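Enquirer: Take this sequence and fold it.
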Amino acid sequence: MHILYIDDDTIASFFFKKVCSVINRNNLVINIAKNGKEALDFIKKTDVMPELLFVDLNMPIMDGWQFLDHFKEINNQQKEKSVAVIVSSTLNPEEIDKAKEYNNVVKFISKPITTELVEDLLNKYCKASNA
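Expert: Below you'll find the model as predicted:
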C-alpha cells in the first residue's frame, strides 16, 4: 500500500512520516514529494500509483491544483483506485468548493494530520490488509 505526501514544508512532511510510523501496517510505504512536479515525476518514473495522495495546495514549481489537473491526464488503470486528500493550513471555503470539482478528492483537511485521520482514510479507501 502506497501513500504519497506532497508538501514543500519539510517540517510537515517529517511530522507526517512520524504520524504514519505508528500505524500498524507492515505493507505501508510512504513517499514524499516537495511539489506537484516532483510527485508526477515520481509516479511516471517508478510506475507506482499511490492508493492515497495527500496534496498541499500552496507549493512552488507546481502547486496542488496544477498537480491534480496533471494527475487526471496520467494514463494508468491503477489511477482509478487512487484517492486524494487536500491538506491545507487554512480552510478556505472557495478552495473547499473547488476541490469538489475533482472526482478523486475525497476530503479536505487542515494541518496537522493525526494518526487517527490517516488510519481512518486507510480503512475507508485502501483495501489492503492490516499488519
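Enquirer: going forward, measure contacts and count neighbours with C-alpha atoms only.
Expert: Noted.
Enquirer: For this protein, which segments count as helices?
Expert: Shown for the chain, the helices assigned by DSSP state H span residues 10-21, 36-46, 64-72, 93-99, 115-125.
Enquirer: unless I'm mixing things up, residue 32 is touching residue 5, no?
Expert: Yes. Look at residue 32 against residue 5 with CA atoms under 8 Å: they come within range, at 4.9 Å.
Enquirer: returning to that earlier point: closest one to residue 108 among the helices of the chain?
Expert: Across the helices of the chain, residue 108 has its closest neighbour in helix 93-99 (6.6 Å, CA to CA).
Enquirer: now for the closest one, which elements pack on it?
Expert: Under the contact definition 3 or more CA pairs under 8 Å, 6 or more residues apart in numbering; DSSP states H and E, helix 93-99 sits against strand 105-110.
Enquirer: quick check: mean pLDDT across the strand it packs on?
Expert: Averaged across strand 105-110, the pLDDT comes to 92.
Enquirer: Grab the CA positions of it and hand them over as PDB.
Expert: The C-alpha trace of strand 105-110 is given here as PDB (Å, rounded to 0.1, in the frame of the first residue of the first chain):
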ATOM      1  CA  VAL A 105     -10.600  14.200  -4.000                       C
ATOM      2  CA  VAL A 106     -12.400  12.600  -1.000                       C
ATOM      3  CA  LYS A 107     -11.500  15.000   1.800                       C
ATOM      4  CA  PHE A 108     -10.200  18.500   2.500                       C
ATOM      5  CA  ILE A 109      -8.400  18.700   5.800                       C
ATOM      6  CA  SER A 110      -6.400  21.200   7.900                       C
END
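Enquirer: That strand vs helix 115-125, what angle?
Expert: Interaxial angle, strand 105-110 versus helix 115-125 (axes from the mean of the first three to the mean of the last three CA atoms, to 10 degrees): 170 degrees.
Enquirer: Thanks a lot, catch you later.
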